[in-house]
Structure formats: C-alpha cells, structure tokens
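Chemist: got a predicted structure here, sequence first:
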Amino acid sequence: MTKPLVLVTADVKAVDGYRWHAATSTYLEAVLKGSNAIPMILPSLGAAIDLDAALDRVDGVLATGSRSNVNPDLYGGEASEANGPYDPDRDATTLPLLRRAIERGIPVLAICRGMQELNVAMGGTLLTEIQDMEGRHDHRAPASDVQDERFAIAHPIEIRAGGALHAALAADSVEVNSLHRQALGDLGRNLVVEARAEDGTIEAVSVKEAPGFVLATQWHPEYWIACDGPSQKLFGAFGRAVEAYRLSRCASLAAE
Ligand SMILES: N[C@@H](CCC(=O)NCCCC(=O)O)C(=O)O
C-alpha cells in the first residue's frame, strides 16, 4: 500500500572532515512507526532548493529538535558565542519551509528547536537561558551520558481545553520530557498556545486558521514513541493528517 511521505528537517554537522545533513533516528522511526509514513530527510541547502518543488511531492513536514539555537539575528536579537551553537544553513531552510508548508495546508509537526523555528518563522521571538529567569524552572536535560536519562519524563503540562492538542491527546494534562534552554517569547502571527508548564513556559502551539494540521511541542514525543501513550497519540494524529493530505494530493493529481 502507498504510504505518505514526510520531509524531515536536517542539522548540518561536521563529521570525519565532511559536512553532513543529518536527522537522528528517533525522529525517522517515530514518523515510520508512529505516523505510518515514510520519512525523507530534506538537506539544509537553503535557497539552493526549490522548496515548493519538494513540497509538491510530499504529504507532511516534521521539524526536528536540535542542540543548536536559531540565530537571534532572525528575531531582532544579538548573536553571541555563549548563545550558540548556530546552524545558519538549517535556519535558511527550515524557516521558509515551515512558512510555505503551512500556507499550502501541508501537515506540520514541529518539535523543540522545530517549535522555536516555527515561532521565529511567523515573526515571534525566543527567550534564552530560561533557567536563569525569575520564576522559571530549569528545563534543561539532566546531566547524563545515558540518553534514556536525558529524555526521562520531567514535568507535567496543562493543555488548553478545546484546543488542537487537547483533541489529539484527549487529556487535560500529560507528563513530558524536557531538553531545552530556550523558550518561546513573543508569539508569532496566528500562533495559539496549546499547553504550558507549571512555570508558564509555552510547551505547545498551533497556528490559528491554518489550512492544515499544525502542532508544535517544546518536548520530545519522538523519543518514547514505542511506549508512551501521549507520544503515540500525537504521532498518530499527525499520521492521520498526512494520510488525508496524501489522498487529497492524489485526487488532485488524478484530476489534472
Ligand atoms: N536550542 C534549543 C534546542 C532545543 C532542542 O531542540 N533540544 C533538543 C536537544 C537534544 C539533546 O540535547 O540531545 C534550546 O536549547 O532551547
């Protein structure tokens, strides 16, 4: 049976003297198993890629998390060594990609850095080093070399009743992991807060009046896709949206 295709955003990494365009396996497997779709990594080649031509052929976009920060130049801040690392090629690809996918009604799921990119793409700002801000908790990963410990469930979030995340998870509150030092500041155009942590940190957003499915989380549902119910529900909802998009794309192609 034909499966939907999902573009997965890539980090640019220097490994063994080469530049790699990479996404970690957890995102790829979550798309495959949690959304029943085929993941395809989109290289971060910026304006050299005709994004519309790529989007013509796919049914969804997954914007991944990453340790790098969106360059503050893109939202009126100031870049610094302490605020880095940056990934300018990724910024140059993902921001226009997210804007265009949303305009076209292509389903989008954005995770952690991906949610921060979504906010900046829509004109919003980011807060940095939130653990040093009055009243905020430390949202960084625990210091450990063991990934299961770094991605351990860390805190509850409150979900907006009647919102898009509430519909996907069918819950007022869930427990999530936490691996970030930045958070959304001023909200971008049409962004709607779907969940917050106890300290007020924005944990999920959607886009008001978007023609397609758009959800973004500050936490990492991909990591526990094999065993965590809310993570499975979220990737399942994304999977239904990309399959519905695939069917409508095929119908449009057949009608041409
Ligand atoms: N720069 C952001 C990045 C948040 C994010 O995507 N974290 C994933 C980290 C994965 C890891 O640490 O292994 C921020 O810190 O807010």
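Modeler: Right, received. Where do you want to start?
Chemist: would you list every one of the strands in the stretch 1-150 of the chain?
Modeler: With DSSP state E, counting those that start in this stretch, the ranges of strands along the stretch 1-150 of the chain come out as 5-9, 11-15, 18-22, 38-42, 60-63, 108-111, 126-128.
Chemist: next, format those as TSV and append distance to residue 156.
Modeler: C-betas here are computed from N, CA, C, even on glycine. Output for the strands of the stretch 1-150 of the chain, formatted as TSV (distance: least, Cβ to Cβ, whole Å):
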stretch	distance to residue 156
strand 5-9	28
strand 11-15	29
strand 18-22	32
strand 38-42	30
strand 60-63	24
strand 108-111	19
strand 126-128	21
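Chemist: of all those strands, which lies closest to residue 224?
Modeler: strand 108-111 (12.6 Å; Cβ to Cβ).
Chemist: go ahead and confirm residue 98 touches residue 108.
Modeler: Yes: here residue 98 reaches residue 108: they are 6.4 Å apart, a contact under Cβ atoms under 8 Å.
Chemist: what do these two both touch?
Modeler: Common contacts of residue 98 and residue 108 (Cβ atoms under 8 Å, 6 or more residues apart in numbering): 61, 63, 118.
Chemist: now render the strands of the stretch 1-150 of the chain as CSV, adding distance to the ligand and mean pLDDT.
Modeler: Formatted as CSV, the strands of the stretch 1-150 of the chain follow (distance: least, Cβ to the nearest ligand atom, whole Å; pLDDT from 0 to 100):
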stretch, distance to the ligand, mean pLDDT
strand 5-9, 11, 98
strand 11-15, 10, 97
strand 18-22, 13, 98
strand 38-42, 16, 98
strand 60-63, 10, 99
strand 108-111, 7, 99
strand 126-128, 8, 98
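Chemist: tabulate those strands (TSV), appending mean neighbour count.
Modeler: Formatted as TSV, the strands of the stretch 1-150 of the chain follow (neighbours: other Cβ atoms under 10 Å):
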stretch	mean neighbour count
strand 5-9	23
strand 11-15	14
strand 18-22	13
strand 38-42	18
strand 60-63	29
strand 108-111	29
strand 126-128	18
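Chemist: what about the nearest residue to residue 26 once chain neighbours are set aside, neighbour count?
Modeler: Excluding the flanking residues, the one nearest residue 26 by Cβ to Cβ, 6 or more residues apart in numbering is residue 222, at 4.8 Å. Counted by other Cβ atoms under 10 Å, the residues lying close to residue 222 total 26.
Chemist: tell me the residues of the stretch 101-250 of the chain that contact the ligand?
Modeler: Selection of the stretch 101-250 of the chain residues close to the ligand by Cβ under 6 Å from any ligand atom yields 112-113, 141, 179-182.
Chemist: let's see that with 8 Å instead.
Modeler: Selection of the stretch 101-250 of the chain residues close to the ligand by Cβ under 8 Å from any ligand atom yields 111-114, 116, 126, 128, 139-141, 147, 150-151, 179-183, 218, 220.
Chemist: and the residues you listed, which are buried?
Modeler: 111-114, 116, 126, 128, 139, 141, 150-151, 179-183, 218, 220 (16 or more other Cβ atoms under 10 Å).
Chemist: among these, which ones are in helices?
Modeler: Counting by DSSP state H, those place 113-114, 116, 150 in helices.
Chemist: looking at those, which is nearest the ligand?
Modeler: Nearest to the ligand among those is residue 113, at 3.5 Å by Cβ to the nearest ligand atom.
Chemist: ok, that closest one touching residue 68?
Modeler: Yes: if you go by Cβ under 8 Å, residue 113 and residue 68 touch, sitting 6.9 Å apart.
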